[in-house]
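J.: I would like to see how this sequence folds:
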Amino acid sequence: MSVIFEATIKVDNTNSWFIELKDTVDGRVELCEDLDVFEVKMLELSQDYGGNVDEVKWLKDDNVSPIIIDEIRIKMAQTKAKIEEERGESLTPKDSL
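T.: Numbers count the residues shown, from 1 in each chain. As a prediction, the model looks like this:
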């Protein structure tokens, strides 16, 4: 069985973004108002699978602007760089480059 989560970027009626995180195995859904909450919810949901998630499918609603996507992408890149610096190694396997 593959453990696949779906992360859907959405905007609310005030045009603030959030991420709807769905465990496709059991249907649980968590709403994450920022990337810090997303990280915590990912860890919590993945505990049922020994911390192993095979894939996170990223989606977005049609009304999400490119500016919001860029904002999230930049914040994720900053978080990745911070984690890599702390660990002293890349999070991206060399064979995937």
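
J.: Report the secondary structure state of the residue lying closest to V64 once chain neighbours are set aside.
T.: Once flanking residues are discounted, V64 sits nearest to I9: 5.2 Å by C-beta to C-beta, 6 or more residues apart in numbering. Using the backbone N, CA and C atoms, a C-beta is placed for each residue, glycine as well. Under DSSP: H, G, I helix; E, B strand; the rest coil, I9 falls in the strand class.

J.: Give me the distance between I9 and G50.
T.: According to C-beta to C-beta, to the nearest Å, I9 and G50 sit 27 Å apart.

J.: got a pLDDT number for G88?
T.: G88 carries a pLDDT value of 86.

J.: wait, K94
T.: So K94 comes in at 67 (pLDDT).

J.: Output the below-cut-off pLDDT ranges for this protein.
T.: 93-97 (pLDDT under 70).

J.: As a check, name the ranges of all strands in it.
T.: Under the criterion DSSP state E, the chain contains strands at 4-11, 17-23, 29-32, 55-60.

J.: For the residue nearest to V64, give the beta-bridge partners.
T.: I19, K60 (DSSP bridges).
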